[in-house]
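[1] Next one to model:
(one chain, ligands or ions: 2)
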Amino acid sequence: MLLTSVFGPYAQDDEFGSRAINPMELYQNQVTRAQGPFSLRMFHRSWGIMMIQANISAPCAVLDFPTRQRFARELTAHEYDIVGISSIIVNVGKVKEMCRMVRELSPQSVIVVGGHVAALPGLENVIDADHIVRGEGISWMRRYLGEDDGAPIHHPAIVSAIGTRMMGVRLPDNPESTAATIIPSVGCPLGCNFCTTSAFFGGKGKFFNFYETGDELFDVMSGIESKLGSTSFFMMDENFLLHRPRAMRLLERMKEARKSWELSVFASANAIRKYTMQELVELGISWLWMGLESPHSQYAKLHGTDTLQLTRELREHGIRVLGSTIVGLEHHTPDNIASEIEYAVSHGTDFHQFMLYTPVPGTPLYQEIKEQGRLLENIDWADIHGQDKFNFQHAAISRDDSKRFLDWAFWRDFERNGPSVYRICQTMLQGWRRYKNYPDARVRERFHREMKKLGTGYNAALWTMEREFARINREVSQQIRALRREVEKEFGVVSRVASHLIGPVLLYTTRREARRLAAGKTYEPPTIIERRNWAEAS
Ligand code: B12
Ligand code: SF4
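    Numbers count the residues shown, from 1 in each chain. Ligands and ions are numbered 1, 2, ... in the order given. Model (predicted):
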């Protein structure tokens, strides 16, 4: 079996649906994209097909980020019985082309298409596939192959990010210093009306747990720690903290085994509120992605929560916050949108994602807007990704203005709060000061680990940002300087030497990167092939 992601290059405009504005990068695409050379740049593998590969006994190759040529070569070099293509909706044009290529170059193959693209209505009339799989894919594939679909889920060892780059410096792909990705479940039971992940796995009240208990999760994480050497984990679960018994059992096991792990999680405000700050810190939560949406939205996950205060408190406890705000909600108008964005920005989160309110097939919102006759016709699916323009008729905001407001939100967050790298340094220092003498040695150890970075490389980055940011906002540049001084007070001569020796080098690489970006430089993930159970196939 061949399992493949859609082909690149991605960060360019082409007839298959690649878009320069929609690169295969998380931060650059939707979080730090206005931050120029300070943007955090990295790639993430296609975890869905990696999970399927690890849970079937058939000989299976995963081809990630191929070019069309590489995909064609793979199809002709081996006789595949099944070709599985994974995609999301924006990339449907590529799926169509890949199905065509399979029919031409590997006519004996059965074509299976899965992932969020399967939510597209009428997909079977657009692409030439034998099976279109909606929802959870591991159990589907096991059933299809005649294997036990209820067998325990084997978790592959996944390094969460590759090709990381910041301020013009490419960081090494070192599994020990990079978080490992853990996928405890898919879907989310809260079912916000716009949420495609929740809808795709059953909607309100539904989700799939790959690991039900804290014990199971602990075993998976320990296994991956021994394989990769990582002590940091990116928990790819839409609302990790919602399952409190599982999280608290994990904490118990971490304490028993003296694990000083760091966890990056997604969680809604109401789920976070089920924990004390101390519990979060002991659980190793060091990075948290939280939906802020809007102060006037009616989402249950935000009820009763003062998100300004929550964000402040989390950061004071050393927890980096990535806030997520929707631009273009129904109540937004040209008159109130600036103040709503200003309010979002005033959270002063470490990172801020902005996305356009977007009805996507499969969601209750899509159904509602469709029934109201407000969906705009003839917009290419490749342009419906929340970072371009509205795909529906908004009551008060035009398509062109939607893009202008979105871009302004990113810019305003950057201008007012400074580069995200600076903000995470602020949070790390606060956490260190609060927890450096904490009674639990696991917690102390974690903050010590972070501090080694803050006292050296990050301090040099502060030195550089202070100079570069003066051109954008002098006041923030002075705050960066003040933070650097604080770090140097805390870490003494080592941090001063680091900033004065490494700082100028970073200044050079940052300026060089800014020039490259201005000249149109983009980044693409590498093509990766991984074969499993392969010996039996030959
Ligand atoms: C990691 C990620 C990315 C990575 C991409 C990594 C990659 N190699 O493709 C990055 C950060 C680059 C990214 C970018 C974007 N993403 Co994204 N991303 C995710 C995220 C957070 C995790 C995906 C994941 O691994 N999940 C865990 C795995 C296990 O689940 P899964 O992929 O769904 O796979 C399961 C099933 O779908 C199925 N399955 C999957 N593939 C296949 C294949 C076969 C053959 C079969 C049978 C089954 C099957 O089986 C799997 C196990 O059950 C999801 C949100 C989420 N929680 O899933 C959003 C998500 C997939 N992304 C989304 C979007 C919109 C985007 C962007 C357009 C956003 C933007 N504007 O910035 C860009 C597009 C970039 C591009 N050019 O393609 C949407 C998709 C919406 C839709 N309906 O199409 C999601 C759902 C987020 C959301 N809620 O809006 N993304
Ligand atoms: S809480 Fe987040 S993941 Fe859950 S349904 Fe709402 S938007 Fe989706």
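
[2] switch to C-alpha atoms for all contacts and neighbour counts from now on
    OK.

[3] what does this structure have sitting close to ligand 2?
    188, 190-192, 195, 198, 238-239, 268 (CA under 6 Å from any ligand atom).

[4] mind listing which of those residues are in helices?
    Among those, the residues falling in helices (DSSP state H) are Ser198.

[5] ok, what's across the strand from the residue nearest to Glu293 when sequence neighbours are not counted?
    In space, and not counting its chain neighbours, Glu293 is closest to Thr325: 4.1 Å by CA to CA, 6 or more residues apart in numbering. Beta bridges link Thr325 to Glu293, Phe354, judged by DSSP bridges.

[6] residues contacting Thr325?
    By CA atoms under 8 Å, 6 or more residues apart in numbering, Thr325 lies in contact with 291-294, 344, 352-355.

[7] can you redo these as a markdown table with neighbour count?
    Below are these laid out as a markdown table (neighbours: other CA atoms under 10 Å):
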| residue | neighbour count |
| --- | --- |
| Gly291 | 21 |
| Leu292 | 25 |
| Glu293 | 22 |
| Ser294 | 22 |
| Ala344 | 25 |
| His352 | 28 |
| Gln353 | 25 |
| Phe354 | 24 |
| Met355 | 22 |
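
[8] Confidence-wise, which of those comes last?
    Within these, Ser294 has the lowest pLDDT, namely 75.

[9] Next, it: phi, psi?
    phi -170, psi 150 (degrees, to the nearest 10).

[10] before we move on, what about Asn437?
    Per degrees, to the nearest 10, the backbone of Asn437 is at phi -110, psi 20.

[11] tell me, how many neighbours does it end up with?
    13 (other CA atoms under 10 Å).

[12] cool, and the one 10 residues further on?
    Counted by other CA under 10 Å, the residues lying close to Phe447 total 26.

[13] same for the host helix or strand of it, what does it pack against?
    Here Phe447 is covered by helix 441-453, with elements defined by DSSP states H and E. Identification of packing neighbours for helix 441-453 by 3 or more CA pairs under 8 Å, 6 or more residues apart in numbering; DSSP states H and E yields helix 277-282, helix 420-435.

[14] If you drop the residues flanking it in sequence, what lies closest to Arg512?
    Arg512's closest residue in space is Gly168 (CA to CA, 6+ apart), at 7.0 Å.

[15] The one you found: what's it in contact with?
    37, 506, 509-513.

[16] Can you tell me which of those residues has the largest number of neighbours?
    Counting by other CA under 10 Å, top hit in the contacts of Gly168: Pro37 with 25 neighbours.

[17] That one: what secondary structure?
    helix (DSSP: H, G, I helix; E, B strand; the rest coil).

[18] Surely it and Met167 touch.
    Yes - using CA atoms under 8 Å, Pro37 makes contact with Met167 at a distance of 5.0 Å.

[19] Report all helices and strands that the longest helix seen in the chain contacts.
    Determined from DSSP H, the single longest helix within the chain is helix 474-518. Judged by 3+ CA pairs under 8 Å, 6+ apart, the packing partners of helix 474-518 are strand 169-170, helix 420-435, helix 459-469.

[20] Now the helix or strand that comes right after that helix - C-alpha only, PDB.
    Next in sequence after helix 474-518, counting helices and strands by DSSP H and E, comes strand 528-532. The C-alpha trace of strand 528-532 is given here as PDB (Å, rounded to 0.1, in the frame of the first residue of the first chain):
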ATOM      1  CA  ILE A 528      10.100  11.900   2.800                       C
ATOM      2  CA  ILE A 529       9.500   8.200   2.200                       C
ATOM      3  CA  GLU A 530       9.200   5.700   4.900                       C
ATOM      4  CA  ARG A 531       8.500   2.000   4.300                       C
ATOM      5  CA  ARG A 532       7.100  -0.400   6.900                       C
END
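
[21] For strand 528-532, name the packing helices and strands.
    Counting contacts by 3+ CA pairs under 8 Å, 6+ apart, strand 528-532 is packed against strand 60-64.

[22] okay, now the residue of the stretch 401-538 of the chain found nearest ligand 1: neighbour count?
    With CA to the nearest ligand atom as the measure, Pro525 is the residue of the stretch 401-538 of the chain nearest to ligand 1, at 8.8 Å. Neighbourhood size, Pro525 [other CA under 10 Å]: 20.

[23] picking that back up, out of the contacts of Thr325, who's nearest ligand 2?
    Gly291 (6.5 Å).
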